[in-house]
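Peer 1: fold the following and give me the result.
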Amino acid sequence: MQGVLTGFTVIATVIAVGYVIGRRGYLGQDGRTVLTRLAFNVATPALLFTMLAGADLSVVLSGRLLVTAVAMAATAGIFAVVARFLLRWRADRITIGALCSSYVNAGNLGIPIAVYVLGDGSLVAPVLLLQQIVVTPLALTVLDLSRPGEPVSAARRLTTPLRNPMAIASLAGVAVAASGLTLPGPLLEPLVLIGNMSVPAVLLAFGISLYGGERPGRGEDRAALHLSVALKSLVQPAVAWVVGAGLFGLRGEALLDVVVIAALPAAQNLFTYATHYRVAERFARESVLLSTLLSVPVLFTVAALLGP
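Peer 2: Sure, this is the predicted structure:
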């Protein structure tokens, strides 16, 4: 239980600082934009590269990750179908909504919870790799291709991931990990230092965005918002539970691991993506906020039901 409290306390504190910054106007009118651009183009790519360069790529093929992948695909797919055929959303808005319905906060919240609740911080490594190697490049490619403007050529479509800083950093990190190379300290340490700005920048920008905003759930997209939060906070851990126990025969700590990871809220960096591409920004902010709040009782309930 301590891990749940620790993770949420850290996040809430930094977001609160961001709110104060926005209220006081310390960074001016463009403070949130600057922090978002810093995180998207510089800090987060550095963080992804350093994280993936030293990762064990064999964990991607673990059985538990298949459960997580099925749960993520199920909730993202449900939202995409509803948004496309009932709400008539465009591809870029569907992408943000599907991410908010499935993309777990495995970094700044998942790691402390894994350490204190599950007893092993490395348990979030597979989902981190899945999201950064597969999900993020695909989603950002769709967002890049959905930008208004002239028709996109076939060559540009194929090379879109190679122009996105986070996709480039992820692919480069995977290449280093696959090669078995160990980067020298003078090269790696500056990237680690820059990467350490990523999470604080994202959380501060998120906090700044909360100042002056309306109460969540009051906008025109409230039906889609409620669906996204319900899928992320309730349906995804339920699917992980059913698939893990029913199809993969997981029991005890193994089942607890996959359900806790699935119950993590939507990641704050989704708001960064929405802001960078200027797509469904309010929706992303409110979905992250509400899923984070709802995940507190959900995580306590999962730990109580499946824990030792």
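Peer 1: what is the neighbour count of residue 235?
Peer 2: Neighbourhood size, residue 235 [other Cβ atoms under 10 Å]: 19. For every residue, glycine as well, the C-beta is placed using N, CA and C.
Peer 1: ok, residue 127 next?
Peer 2: Neighbourhood size, residue 127 [other Cβ under 10 Å]: 27.
Peer 1: was I right about it contacting residue 68?
Peer 2: Yes: using Cβ atoms under 8 Å, residue 127 is in contact with residue 68, at 5.2 Å.
Peer 1: need the overlap of contacts for the two.
Peer 2: Any residue near both residue 127 and residue 68 by Cβ atoms under 8 Å, 6 or more residues apart in numbering counts here, and that gives residue 261.
Peer 1: lowest confidence element among the helices and strands of the protein?
Peer 2: In the chain, the helix or strand scored least confidently by mean pLDDT, DSSP states H and E is helix 154-159, which has a mean of 61.
Peer 1: in this structure, where's the longest helix?
Peer 2: Assignment by DSSP state H gives helix 281-306 as the longest helix of the chain.
Peer 1: what average pLDDT does that helix get?
Peer 2: For helix 281-306, mean pLDDT rounds to 89.
Peer 1: can you get me a residue count around residue 281?
Peer 2: 17.
Peer 1: ok, it - contacts?
Peer 2: For residue 281, the contact set (Cβ under 8 Å, 6+ apart) comprises 209, 271, 274, 275.
Peer 1: can you list which of these are found in strands?
Peer 2: Among the contacts of residue 281, no residue falls in strands (DSSP state E).
Peer 1: who wins for neighbours among those?
Peer 2: Comparing the contacts of residue 281 by number of neighbours (other Cβ under 10 Å), residue 271 comes first, having 29 neighbours.
Peer 1: in stretch 21-29, what's buried?
Peer 2: 21, 22, 27 (16 or more other Cβ atoms under 10 Å).
Peer 1: doesn't residue 27 make contact with the first one?
Peer 2: What that stands for is residue 21. Yes: contact criterion Cβ under 8 Å: residue 21 and residue 27 qualify, at 5.9 Å.
Peer 1: give me the common contacts of the two.
Peer 2: Joint contacts of residue 21 and residue 27 (Cβ under 8 Å, 6+ apart) are residue 208.
Peer 1: which stretches in the stretch 101-250 of the chain count as helices?
Peer 2: In the stretch 101-250 of the chain, the segments counted as helices under DSSP state H, counting those that start in this stretch are 110-113, 125-130, 136-145, 154-159, 165-179, 185-195, 198-210, 222-230, 236-242.
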